[in-house]
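Novice: Sequence and predicted structure below; questions after.
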Amino acid sequence: MFPISRWKRHTLAVALSALALSFAPHELSFAPQAMAADKTITAVMHSDLRVIDPILTTAYITRDHGYMVYDTLVATDSNFKIQPQMADWKVSDDKLTYTFTLRDGLKWHDGTPVTAEDCVASLKRWAKVDGMGQKLMDFTASLEATDAKTITLKLKEPYGLVLDSIGKPSSRVAFMMPKRLAETPPDKPIPEQIGSGPFKFVQAEFQPGVKAVYVKNKDYVPRKEPASWTAGGKVVKVDRVEWVTMADAQIRMHHRSDGLI
């Protein structure tokens, strides 16, 4: 199992709680009339969002943004067990070949289908800068798309952290993106925020450090399993999420008492 500090675990738990509001607003006890009218959630996160490429930085707020827009091949459930997310997998008897098969219905936000080539490029970009990704590549003999829906990872020798590396829930997360974006050098920001996740990023309304806006991805097909930490079905039940920055704690508390956040 990958190591995760108490602080990281707490921060991720808070972030996922905020995301859960977006996925299940019927469970909220605040501002029900406002949300029924426009199905919008306004949230003040733990930090202001400035960098929006989740591979470019280890900032937790950028990771949280990543979970809104992007998806992962596999994911970690609340029991720290790796589960299928975008793909199921099989492991050969000699533990040297991992075969990932993309599930049906996966589309990028621009309408194009998710392909294995996209995912291979995404894994390679992530692995150039992430510590666990770099270690995984040390054990890797080859990583390729063997057909449109199949990703084949072959190892030089058995390595027990393959799935834990690809499915780890904290910075940096192995988020999938189109090949044309994943081919961007990992030290340079991607030019667009195009993922396959449950929300689309509204670039036109982004004010770095001030406001970030997400709208429901109506083409997203969630998994059938119940949501569990970063795994399971991500069923979106709001139309719009706004992250706003309020530097003044007094103002923040006032809005909380009014049921606005």
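Specialist: Received it, and whenever you're ready, just let me know what you need.
Novice: State the distance from the spatially most central residue of the chain to S171.
Specialist: Geometric centre of the chain, nearest residue: Y67, 2.7 Å, by CA atoms, centre = their mean. Plainly put, Y67 is 11 Å away from S171 if you go by CB to CB, to the nearest Å. (C-beta placed from N, C-alpha, C; glycine too.)
Novice: One more: E192?
Specialist: E192 is 21 Å from S171, by CB to CB.
Novice: Please say which of these two ends up with more neighbours.
Specialist: A direct count of neighbours by other CB atoms under 10 Å for E192 and S171 places S171 higher, at 19 against 15.
Novice: ok, now which ones touch the more buried one?
Specialist: Neighbouring residues of S171 by CB atoms under 8 Å, 6 or more residues apart in numbering: 57-60, 62-63.
Novice: go on, I166?
Specialist: I166 makes contact with 72-74, 123, 136, 174 under the criterion CB under 8 Å, 6+ apart.
Novice: Same check on V215?
Specialist: Shown in contact with V215 (CB under 8 Å, 6+ apart): 199-200, 202, 239-241.
Novice: any chance you could map the helices in the chain?
Specialist: Ranges of helices in the chain, per DSSP state H, are 6-23, 32-38, 60-69, 116-129, 131-139, 162-167, 179-182, 249-257.
Novice: surely the residue nearest to the centre of the chain meets G195?
Specialist: No - if you go by CB atoms under 8 Å, Y67 and G195 don't touch, sitting 9.7 Å apart.
Novice: okay, K188: pLDDT?
Specialist: pLDDT, K188: 98.
Novice: Tell me which residues touch it, please.
Specialist: The contact partners of K188, by CB under 8 Å, 6+ apart, come to L56.
Novice: go on, the one 3 residues further on?
Specialist: Taking CB under 8 Å, 6+ apart, we find P191 in contact with 181, 184.
Novice: just V51 next, same as before
Specialist: By CB under 8 Å, 6+ apart, the contact set of V51 is 57, 59, 62, 189.
Novice: out of those, who has the most neighbours?
Specialist: T62 (21 neighbours).
Novice: And that one, how close does it get to P198?
Specialist: Noted for T62: a distance of 17 Å to P198, by CB to CB.
Novice: Low-confidence regions, the stretch 51-200 of the chain specifically.
Specialist: Counting by pLDDT under 70, the stretch 51-200 of the chain contains no low-confidence residues.
Novice: what are the ranges of the strands in it?
Specialist: Taking DSSP state E, counting those that start in this stretch as the criterion, the stretch 51-200 of the chain contains strands spanning 71-72, 74-76, 82-84, 87-91, 97-102, 140-147, 150-155, 175-176, 199-201.
Novice: Please name every helix or strand in contact with the third one.
Specialist: Using 3 or more CB pairs under 8 Å, 6 or more residues apart in numbering; DSSP states H and E as the contact criterion, the secondary-structure elements in contact with strand 82-84 are strand 74-76, helix 162-167.
Novice: again with the last one
Specialist: Using 3+ CB pairs under 8 Å, 6+ apart as the contact criterion, the elements in contact with strand 199-201 are helix 60-69, strand 211-216.
Novice: residues in contact with it?
Specialist: Contact with strand 199-201 is made by 22, 52, 65, 68-69, 109, 193, 195, 212-217, 236, 241, as judged by CB under 8 Å, 6+ apart.
Novice: and which of the residues you listed is nearest G131?
Specialist: Checking the contacts of strand 199-201 against G131 by CB to CB gives H65 as the nearest, at 20.8 Å.
Novice: show me the contacts for that closest one.
Specialist: 49, 52, 54, 201, 212.
Novice: now that we're looking at the last one, how far away is M68 from it?
Specialist: A212 sits 9 Å away from M68, taking CB to CB as the criterion.
Novice: likewise the fourth one?
Specialist: Relative to M68, F201 is positioned 7 Å away (CB to CB).
Novice: Which positions within stretch 202-220 qualify as buried?
Specialist: Counting neighbours by 16 or more other CB atoms under 10 Å, one finds that the buried residues in stretch 202-220 are 202, 206, 211-217, 220.
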